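Novice: Got a predicted structure plus its sequence, pasted below:
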2 protein chains.
Amino acid sequence: MVRMADVARAAGVSTMTVSNVINGRPGVRADTRLRVLATIDELGYQVNATARSLRTGRTGAIGFVLPELDSPYYAHLSNQLSAAAERRGRHLLVERTGGSRERELEALSFGHLRRYDGVIVHLVRLERPDLDRLRFDTPVVFLGESPVPGRFEHVMMDDVGGSREATGHLLGTRSRRVAIVGGRHEDTEDMASLRTRGYRQAHADLGLDVDEALVVESRTYSRDEGHRAVLDLRRAGVAFDAVFCVTDALATGALRALADLGLHVPGDVQVVGFDNGEEADFLVPRLSSVEPGNDAIAELALDLLEQRIRTADPADARPRATTTVTARLVLRESTR
Amino acid sequence: MVRMADVARAAGVSTMTVSNVINGRPGVRADTRLRVLATIDELGYQVNATARSLRTGRTGAIGFVLPELDSPYYAHLSNQLSAAAERRGRHLLVERTGGSRERELEALSFGHLRRYDGVIVHLVRLERPDLDRLRFDTPVVFLGESPVPGRFEHVMMDDVGGSREATGHLLGTRSRRVAIVGGRHEDTEDMASLRTRGYRQAHADLGLDVDEALVVESRTYSRDEGHRAVLDLRRAGVAFDAVFCVTDALATGALRALADLGLHVPGDVQVVGFDNGEEADFLVPRLSSVEPGNDAIAELALDLLEQRIRTADPADARPRATTTVTARLVLRESTR
DNA sequence: ATGAAAGCGCTAACAG
DNA sequence: CTGTTAGCGCTTTCAT
């Protein structure tokens, strides 16, 4: 372990001069700087980020707290956030909660947050009572559909609008029995509910009733659940001529199930997904999907965070808001 | 900001007693403990991890440094590592390098590593000269195919064996012109080279020559490159009756391209991927793929890291090794 | 069972 | 242009 003090002694200067050199601060004579740099190199010295962070209160890192790393949606979003953060000269550290209440709370604990200058958080379990109790002064931007107390910034996608457009397209292209996979009978504020709300609105727009038998709930939003859901519908004898899946992963499973059943897409059954992940363009048939605007979400979240980090005044009273990024339907081969 | 000293004052004890309570150390009277806990709760105190870490030299966090977050392979591996680390009472923080030399070096800098008690690293750019120059005492386990100096632990998958088995299966099921997508003409030690080596060995096993026109290199290992590669082969008039793709993502693109060309899989062309990701089971047709043993790799990497963290002696001379985890071919619908 | 003192490695503030 | 002093919030050590 080489300390700054070691460098200072070896170079015959004080630690402050070493510190000034390292941090590129002005007011160091050129020859002194060179001597210090040479010594640093020679001893292989590297700053202790922990000590610096304790002293300055800054870490140079931004956190991204999410439920799962291996869903295509979060994987893609993380990658975009990481690349965008890098462009701004910051490092992104990604942390998984597994979608458990306990781990979400832990990730938002003060001690944990000290690791970061700011944090972007996508919660799936914590509800208002929990959120209201949160106390920290690390700048935070929330993503996702859970309603967030007004004192926090919140960026979300247009779940309702995107779903309405997708369902509307299906109903507008001669489908009359549109199933929703990953929907929700109850109307709360989670992702499934919001997307189901758009689905219901599209029906209402045309004066159509929703057959609740077509609303299929799912425990997860992964491929196997999409596969199971379509097979279940068939087994239950529920007729359908289109499927709106609330994620691309569900849609991938649904497409596979329809192939297993020997049904033609989009001839017999149309399919639309939500997320517009890279995979959509490579499925057979290529999947029409709702593009939620991840790029815009990533940039916006980082912009907001950057602002909060810079005006580090905890009592900063500037208005915070929930910003909704526009979604749009991308048509491919799985629809008519 | 509530400090430990604030809690101590409010509870009428010393900071040491508060510290002892928080860390569950013995030697605190029950009533004192309760009073301290009540005060902590009341003031909403949370330990400052940075300060603790400066003092103890430990952080409770393990790092995972990888090239990209959004490739299905790394996404899945990260998720497994994170879940496994959690089971061991540790937190995993994931950091992306983007596959650039500069960022890989930075991630391995001493200052950066101080954030972690130990780090698992999957490099793709750094070469021996760079690695030999590395100086740090944070325990590190390397993943991936780059050769690693003997002083480090290294866990890798059996790229050669898995590829040999996959190619062998194709050659053993009446395919005579097996293309490799994502292969490498030159034989070095990167992933593409190793998997191509297995491909060549399988040919040699049967006394067959490899037609270099069937070895298609690719810049990335993503779906679009797989798609492009198959179309290019066709356009160039190279005949083939099977495709071994060195990743599932490439295979997904290849399947899509074969569908575009109106070729039947596996009737006209067989396809095998490598990674055995969740998607393999939902493609049309379902993709046969080499299972690299991610679970075993994740557990092993964490075991090795845990050992190094515990025996924190930097001069620890116990032997380090490269451990190769066995790969095996999983057959599905894309092969005969 | 509890507390006082010292210090982890760095940098802000000020002095020279 | 360079150095001195103090202290970030915690835990280790040793004393009581």
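Specialist: Nice, I can see it. Since we're looking at a predicted model, the values are computed, not measured. Numbers count the residues shown, from 1 in each chain, chains lettered A, B, ... in the order given.
Novice: where along chain A do the helices fall?
Specialist: Along chain A, the stretches classed as helices by DSSP state H are A:4-11, A:15-22, A:30-43, A:49-56, A:72-87, A:101-107, A:110-113, A:128-133, A:159-172, A:191-205, A:223-235, A:248-260, A:294-310.
Novice: Show the model's pLDDT score for the closest residue to residue A:25 other than its chain neighbours.
Specialist: Nearest residue to residue A:25, sequence neighbours excluded (C-beta to C-beta, 6 or more residues apart in numbering or on different chains): residue A:19, at 7.9 Å. Heads up, the C-betas are built off the backbone N, CA and C, glycines and all. pLDDT, residue A:19: 93.
Novice: so residue A:19 makes contact with residue A:4?
Specialist: Yes - using C-beta atoms under 8 Å, residue A:19 and residue A:4 qualify as a contacting pair, with a distance of 6.6 Å.
Novice: quick one, which of the two is more surrounded?
Specialist: residue A:4 (19 against 16; other C-beta atoms under 10 Å in any protein chain shown).
Novice: DNA strand C contacts on chain A?
Specialist: Taking C-beta under 7 Å from any atom of the strand as the contact definition, chain A meets DNA strand C at A:1, A:3-5, A:15-16, A:19, A:22-23, A:47-48, A:51-52, A:54-56.
Novice: now these: which count as buried?
Specialist: Applying a neighbour-count criterion of 16 or more other C-beta atoms under 10 Å in any protein chain shown, the buried members of these are A:4, A:19, A:22, A:47, A:48, A:51, A:52, A:54.
Novice: just the helices of chain A: most buried one?
Specialist: helix A:248-260 (a mean of 26; mean count of other C-beta atoms under 10 Å in any protein chain shown).
Novice: Contacts only, for residue A:217.
Specialist: Residue A:217 is in contact with A:182, A:183, A:184, A:185, A:192, counting by C-beta atoms under 8 Å, 6 or more residues apart in numbering or on different chains.
Novice: Same check on residue A:279?
Specialist: Contacts for residue A:279 (C-beta under 8 Å, 6+ apart) come out as A:72, A:248, A:252, A:287, B:223, B:252, B:279.
Novice: With residue A:200 instead?
Specialist: Counting by C-beta under 8 Å, 6+ apart, the residues that residue A:200 touches are residue A:210.
Novice: give the contact list for the residue of the stretch 1-150 of chain A found nearest DNA strand C.
Specialist: With C-beta to the nearest atom of the strand as the measure, the residue in the stretch 1-150 of chain A that lies nearest DNA strand C is residue A:4; the distance is 2.8 Å. Contact partners of residue A:4, counting by C-beta under 8 Å, 6+ apart, are A:15, A:18, A:19, A:22, A:45, A:47, A:48.
Novice: of all these, which comes closest to DNA strand D?
Specialist: Proximity of the contacts of residue A:4 to DNA strand D, judged by C-beta to the nearest atom of the strand, is greatest for residue A:15, which lies at 6.1 Å.
Novice: Per-residue pLDDT of that closest one, please?
Specialist: Confidence at residue A:15, expressed as pLDDT, is 92.
Novice: pretty sure it is in contact with residue A:6, am I right?
Specialist: No - under the contact definition of C-beta under 8 Å, residue A:15 does not touch residue A:6, with a separation of 9.6 Å.
Novice: anything in contact with each of those two?
Specialist: Counting by C-beta under 8 Å, 6+ apart, nothing touches both residue A:15 and residue A:6.
Novice: Check the offset of the least confident helix or strand in chain A by mean pLDDT from the chain's centre.
Specialist: Taking mean pLDDT, DSSP states H and E as the measure, helix A:110-113 is the helix or strand of chain A with the lowest mean score, a mean of 76. With C-alpha atoms, centre = their mean, to the nearest Å as the basis, helix A:110-113 stands 20 Å off its chain's centre.
Novice: Indicate whether it makes contact with DNA strand D.
Specialist: No - contact of helix A:110-113 with DNA strand D is not found when judged by C-beta under 7 Å from any atom of the strand; the minimum separation is 7.6 Å.
Novice: now check that helix, is it near chain B?
Specialist: Yes - Helix A:110-113 comes into contact with chain B (C-beta under 8 Å from any C-beta of the partner chain), by way of A:110, A:111, A:112.
Novice: what's the nearest residue to residue A:80 if we skip its chain neighbours?
Specialist: In space, not counting the residues next to it along the chain, residue A:80 is nearest to residue A:298; the distance is 4.3 Å by C-beta to C-beta, 6+ apart.
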